[in-house]
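Below are the sequence and a predicted model for it; my questions follow.
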Amino acid sequence: MYNGHMLAISLFRWWYGSGWAWAAGRLGQRLRNVIRDYSVSILIKTLFKPWKQIIAAGGAQTAMGMKFNMMVDNLISRLVGLMVRSLTLVAAMLIWMATALVGGLVLVAWPVVPALLVIIPLYAFGVIA
């Protein structure tokens, strides 16, 4: 019986001490992973770069009409890059916010879970009404 009590006390100490801190640390790690996985810093740095580095280049002898076409092609490539990177940044922001919301709810619910594990069976068996 002694070991059972010690196990319960150890679990209680972990749950409200280092376990809660562990859960908060995991939330921080998950938020950093979203930023890293979506390469947010690279997306911001390259926001106005051409898409897939597709760029038309010509020499000094290129005709004026060709230069205009190349300029339009380069502008379109930059706009495509801007749109794709912007949508990726929006997706990263939405996933980061969802992760923060769910993680925050877990941290708020963390201290209540042990009480629910006692109250729910008592309620189910009609011990409490």
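Perfect, I can see it now. Residues are numbered from 1 along each chain as shown.

Just checking, which helix or strand succeeds the longest helix seen in the chain along the chain?
Longest helix in the chain by number of residues (criterion: DSSP state H): helix 64-109. Downstream of helix 64-109, the next assigned helix or strand under DSSP states H and E is helix 113-124.

so what secondary structure elements neighbour that following helix?
For helix 113-124, the elements it packs on are helix 2-16, judged by 3 or more CB pairs under 8 Å, 6 or more residues apart in numbering; DSSP states H and E. The C-beta positions use only the backbone N, C-alpha and C, and glycine is treated the same way.

Okay, angle between the helix it packs on and helix 113-124 too, please.
Helix 2-16 runs at 120 degrees relative to helix 113-124, counting by axes from the mean of the first three to the mean of the last three CA atoms, to 10 degrees.

Using PDB, write down the CA coordinates of helix 2-16.
Extracted in PDB, the C-alpha atoms of helix 2-16 (Å, rounded to 0.1, in the frame of the first residue of the first chain):
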ATOM      1  CA  TYR A   2       2.900   2.300   0.700                       C
ATOM      2  CA  ASN A   3       4.100   2.100  -2.900                       C
ATOM      3  CA  GLY A   4       0.600   3.000  -4.100                       C
ATOM      4  CA  HIS A   5       0.500   6.100  -1.900                       C
ATOM      5  CA  MET A   6       4.000   7.100  -3.000                       C
ATOM      6  CA  LEU A   7       3.000   6.700  -6.600                       C
ATOM      7  CA  ALA A   8       0.000   8.900  -6.200                       C
ATOM      8  CA  ILE A   9       2.000  11.500  -4.300                       C
ATOM      9  CA  SER A  10       4.700  11.500  -6.900                       C
ATOM     10  CA  LEU A  11       2.200  11.800  -9.800                       C
ATOM     11  CA  PHE A  12       0.500  14.700  -8.000                       C
ATOM     12  CA  ARG A  13       3.800  16.500  -7.500                       C
ATOM     13  CA  TRP A  14       4.800  15.900 -11.100                       C
ATOM     14  CA  TRP A  15       1.400  16.900 -12.500                       C
ATOM     15  CA  TYR A  16       1.300  20.300 -10.700                       C
END
